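Participant: Quick one, what's the 3D model for this:
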Amino acid sequence: MRYSQRMDRPSQFAEATLPFAGSLLVAHPSLQDPNFRRSVVLLTAHSDEEGSLGVVVNRPMNQTLSEFDPTLSNTDLESVPLFYGGPVANDKLILVAWKWTPEEGSFKLYFGIDDVKARSLLAENSGFELRGFIGHSGWTEGQLDAEIEEGAWVTSPLMPEIDSVQGEEVWRMILRRDSPQMGLLADEPDNPSLN
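Facilitator: Below is the predicted model:
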């Protein structure tokens with residue numbers, strides 16, 4: 001199934017045309033899979049031999065860690081927000097922390113950390129964004145590359161707004177930034193006849 005023709009992106013985004021750990025996968029506007037509809041995935045690992053792994057960063061569950069796991073009540077982690085990470089192992093909690101350092105042009109990521117490391121990052125007031133994810137997104141060897149080739153995903157470089165913009169708006173923002181044509185598709189209603 002082909003989702004669209006490839007869209008040209010401004011040259012400053014050319015480096016993100018292939019998936020790599022630390023890039024974003026942005027669902028094409030016509031992707032209907034309910035697990036990934038209008039989603040933005042932070043790719044945390046990508047290998048030709050082992051496949052790919054990531055978490056959906058724009059699906060807040062409107063819960064905190066303590067609401068999910070009462071044993072985390074009255075701890076430093078109780079108010080950490082919880083997100084839907086993807087359809088794989090969706091009964092498991094994964095703690096992820098990241099930090100932008102714009103002046104250095106760097107992005108540091110901790111994936112699958114334990115609560116001790118998460119607490120130490122919070123205690124250090126180190127500037128890390130900490131989130132809990134229920135489940136993750138995974139692709140077998142070659143699967144993600146094939147889905148990108150079909151047009152199901154657009155790859156994009158990281159953007160600091162994933163820390164502050166939530167839900168479908170970050171999805172639209174990335175598509176508009178990377179391609180005006182994709183931005184128009186992202187703004188279309190699900191059912192144009194109801195417009």
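Participant: So residue 101 sits against residue 128, correct?
Facilitator: No - the criterion here is Cβ atoms under 8 Å, and residue 101 misses it with residue 128 at 10.8 Å. Any C-beta I mention is one placed from the backbone N, CA and C, and that applies to glycine too.
Participant: who's more crowded, the two?
Facilitator: The neighbour comparison of residue 101 against residue 128 (other Cβ atoms under 10 Å) goes to residue 128, with 20 against 10.
Participant: ok, now which ones touch the more buried one?
Facilitator: Contacts for residue 128 (Cβ atoms under 8 Å, 6 or more residues apart in numbering) come out as 97-99, 108, 110, 121-122.
Participant: nearest to residue 164, of those residues?
Facilitator: residue 98 (12.9 Å; Cβ to Cβ).
Participant: Assumed the closest one was part of a helix.
Facilitator: No - under the criterion used here (DSSP: H, G, I helix; E, B strand; the rest coil), residue 98 is strand, not part of a helix.
Participant: Give me the next element, helix or strand, following whichever helix in the chain runs longest.
Facilitator: With secondary structure taken from DSSP state H, the chain has its longest helix at helix 167-178. Next helix or strand after helix 167-178 toward the C-terminus (DSSP states H and E): helix 180-187.
Participant: Off-centre distance for that following helix?
Facilitator: Centroid separation for helix 180-187 versus its chain: 19 Å, with Cα atoms, centre = their mean, to the nearest Å.
Participant: what comes up buried for that helix?
Facilitator: Within helix 180-187, the residues scored as buried using 16 or more other Cβ atoms under 10 Å are 182-183, 186.
Participant: Kind regards, and thank you for your time.
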